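S.K.: I would like the atomic coordinates for the input below:
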Amino acid sequence: MMRSLWTAASGMIGQQSNLDVIANNLSNINTTGYKTQAANFKSLIYQTMQTKTTTTTGDPKPIGAQVGLGVRVASISSDFTQGPVNTSNGAFDYAIEGEGFFTVRLDDGSTAYTRNGHFVMAVTGNGLALTDSSGHPVLDTTGNPITIQGNYRTDQISIDQLGRVMAKDANNNAQPLGVQIGLAYFPNASGLEKVSDSNYKETAASGAPTVYTANDLNSKIVSGYLEASNVQAADEMVNMIIAQRAYEMNSKAIIASDEMLQQANNLRS
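M.R.: The predicted structure is shown next:
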């Protein structure tokens, strides 16, 4: 079989994966805290047709002959640049300006990390608890769920830019309750495993997280705002056109290879 058939087919498969990534970016263009992804490619192995040898006159040939055998997806990386911070009507909506991830505890007891600060104050048997929209508790700097004991109303509770949980006293002045939202920092955030609900999980590639306060990371937790997706629609549409054209060119290479094989089969001695 001609090498060009498989080489062009690998290009079509790679561009199909590329289009999958672009489609996922566009579908999440309005997802709070979503980070855009990009497919990165690398070439496959090369087949040596001729090594560096000598000519018939004995002169050395400076260049050999190698032909590549296609392409494949090397990785799908995430861009963790800051997304736009938009106003929100949620009483407990928060956006991180700067580095860090909110930490939440999932139903199986594991810890997930997110930039989605759409939180609610849930009523528990002992008071109030800060959770995400799915009911998973938000964790503080010590890794414990943020709970508020006592007979506080939700309109008495607030969180300042440092992530400190505050409650209004009898004089209507906000006082810290000794609990602070923790922000996780990873040595390699691109190595995080992506799961549903805009959550991420730690992997060996991401490294173990270190939990800081917002002040330690020179970040701010802004109340009444949410971080929007950092997907750029114009860029994604351009990438889609490029992927489509690359797919078409590879398909034409397959058609050309097929026609050449047909001509070879129709040869008569």
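
S.K.: kindly check the end-to-end length of stretch 200-216 for me.
M.R.: Terminal residues of stretch 200-216 lie 22 Å apart, using Cα to Cα, to the nearest Å.

S.K.: now that stretch: buried residues?
M.R.: Using 16 or more other Cβ atoms under 10 Å as the test for burial, stretch 200-216 gives Tyr200, Glu202, Ser206, Pro209, Val211, Tyr212, Thr213, Ala214. Using the backbone N, CA and C atoms, a C-beta is placed for each residue, glycine as well.

S.K.: again with stretch 237-255
M.R.: Asn239, Met240, Ala243, Ala246, Tyr247, Asn250, Ala253, Ile254.

S.K.: any idea which of the buried residues of stretch 200-216 is closest to Pro137?
M.R.: Among the buried residues of stretch 200-216, Val211 lies closest to Pro137 (Cβ to Cβ), at 14.9 Å.

S.K.: that closest one reaches Gly143, doesn't it?
M.R.: Yes: the pair Val211 / Gly143 is scored as a contact, 6.8 Å apart, by Cβ atoms under 8 Å.

S.K.: which residue packs closest to Thr124, ignoring adjacent ones?
M.R.: Of all residues not flanking Thr124 in the chain, Thr147 sits nearest, at 6.8 Å (Cβ to Cβ, 6 or more residues apart in numbering).

S.K.: how about the one you found, what does it touch?
M.R.: Thr124, Asn126, Gly127, Leu128, Ala129, Leu130, Pro137, Val179 (Cβ atoms under 8 Å, 6 or more residues apart in numbering).

S.K.: 10 Å instead, please
M.R.: When contacts are counted by Cβ atoms under 10 Å, 6 or more residues apart in numbering, Thr147 is found next to Ala122, Thr124, Asn126, Gly127, Leu128, Ala129, Leu130, Pro137, Asp140, Val165, Leu177, Val179.

S.K.: just those: which are in helices?
M.R.: Per DSSP state H, helices hold no members of the contacts of Thr147.

S.K.: need the worst-confidence member of those residues.
M.R.: Among the contacts of Thr147, Asn126 has the lowest pLDDT, at 79.
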